[in-house]
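J.: my questions are about this predicted structure, shown below with the sequence.
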Amino acid sequence: MNFAVLVFPGSNCDLDCYKAVEETIGQKVEYVWHTETDLSKYDAILVPGGFSYGDYLRCGAIARFAPVMTALVQAAEQGKFILGICNGFQILLEAGLLPGAMLRNKTLKFRCHSTLLRVENNQNPFTVDYKEGEVIDIPIAHGEGNYYCDDAMLAELKANNQIVFRYAVDNPNGSVDDIAGISNKAGNVVGMMPHPERAVNELLGSADGKRMFTSILQTWREKHDAAVSR
């Protein structure tokens, strides 16, 4: 399985994502600069956290127009697996790959600490190794993680089982309906504010994020094996 980790000017979680793939599931992974226009060789693409383009205008608003984003949209349409984490989630929202918008935290403060999440959908490619309703410990680090959508969109997210994670105990940013992560309708694109790549070893305080990477590898292998056997 081939992974890409996109790198924008201001990305700072690209190394964490790279190491999470390399050390937890041992798959091929490469950094891909924001000027790249071809993502065809990759099976999964990680859009990491950070402060792309200094978070000018809005978080992710400039990154959304980077050359690599055209290829990312094409990859999403082809059903490739895409995970946007923190600033990566913000970029996916700005690009229209996921619905909704991101606002400042309700406290107007940067929040950086461990957070308990509840797995709402364990049928997603990134969550098959979790149990539905399971509470996991994944850290957050953001100042603009207040996910917003209107009532009609919220009803649609619920109807389509697109809410992947909710904050389980404390909502740290004011997100509507305690949402911490969502997917597109097809399920192959996921965005979340918490950082699973920072929770892949008990030395980091939690290894609960590791199963997001084992989940996607398992899903890909099943899909790949099915295609080969035809």
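T.: Looks like it came in fine.
J.: let me know how buried residue 40 is, in neighbour terms.
T.: 9 (other Cβ atoms under 10 Å). (Each C-beta comes from the backbone N, C-alpha and C, glycine too.)
J.: next, the contact list for it, please.
T.: Residue 40 is in contact with residue 71, counting by Cβ atoms under 8 Å, 6 or more residues apart in numbering.
J.: is it in a helix, a strand, or coil?
T.: At residue 40 the chain is in coil, as set by DSSP: H, G, I helix; E, B strand; the rest coil.
J.: so for the helix ranked longest in the chain, mean pLDDT?
T.: Using DSSP state H, we find that the single longest helix of the chain is helix 210-229. Mean pLDDT, helix 210-229: 89.
J.: strands of the protein, start to end?
T.: Applying DSSP state E to the chain gives strands spanning 2-7, 28-33, 44-47, 81-85, 101-103, 111-119, 135-142, 146-148, 163-167, 179-183, 189-192.
J.: residue 217: which of these is closest?
T.: Closest approach to residue 217 among these is made by strand 44-47 (8.7 Å; Cβ to Cβ).
J.: identify the residues contacting the closest one?
T.: Outside strand 44-47, the residues that touch it by Cβ under 8 Å, 6+ apart are 1-6, 17, 21, 32, 39, 72, 75, 80-85, 87-89, 91-92, 197, 216, 220.
J.: can you list the strands that that strand pairs with?
T.: Note on strand 44-47: by DSSP bridges, its sheet partners are strand 2-7 (parallel), strand 81-85 (parallel).
J.: residues touching residue 25, list them.
T.: Residues counted as contacts of residue 25 (Cβ under 8 Å, 6+ apart) are 1, 213, 214, 217.
J.: lowest average confidence, helix or strand, in the protein?
T.: Least confident element among the helices and strands of the chain, by mean pLDDT, DSSP states H and E: helix 210-229 (a mean of 89).
J.: now do that helix against strand 135-142: the angle between them, please.
T.: Angular relation of helix 210-229 and strand 135-142 on a 0 to 180 degree scale: 100 degrees, by axes from the mean of the first three to the mean of the last three Cα atoms, to 10 degrees.
J.: quick one, what contacts the most centrally placed residue in the chain?
T.: Nearest to the centroid of the C-alpha atoms of the chain, with distances taken as Cα atoms, centre = their mean, sits residue 84, at 3.0 Å. Residues in contact with residue 84 (Cβ under 8 Å, 6+ apart) are 46, 47, 90, 91, 92, 97, 98, 189, 190, 191, 192.
J.: wait, which of the residues you listed is closest to residue 149?
T.: Of all the contacts of residue 84, residue 149 sits closest to residue 98, with 9.9 Å by Cβ to Cβ.
J.: that older thread, the inter-axis angle of the longest helix of the chain versus strand 111-119?
T.: 50 degrees.
J.: buried sites along helix 210-229?
T.: By 16 or more other Cβ atoms under 10 Å, the buried positions in helix 210-229 come out as 210, 211, 212, 213, 215, 216, 217, 219, 220.
J.: who does it touch, helix- and strand-wise?
T.: Here helix 210-229 touches helix 14-24, strand 81-85, going by 3 or more Cβ pairs under 8 Å, 6 or more residues apart in numbering; DSSP states H and E.
J.: so for residue 205, which of those sits nearest?
T.: Of all the helices and strands packed on helix 210-229, the one in closest proximity to residue 205, counting by Cβ to Cβ, is helix 14-24 (13.7 Å).
J.: report the buried residues of that closest one.
T.: 14, 16, 17, 18, 20, 21, 24.
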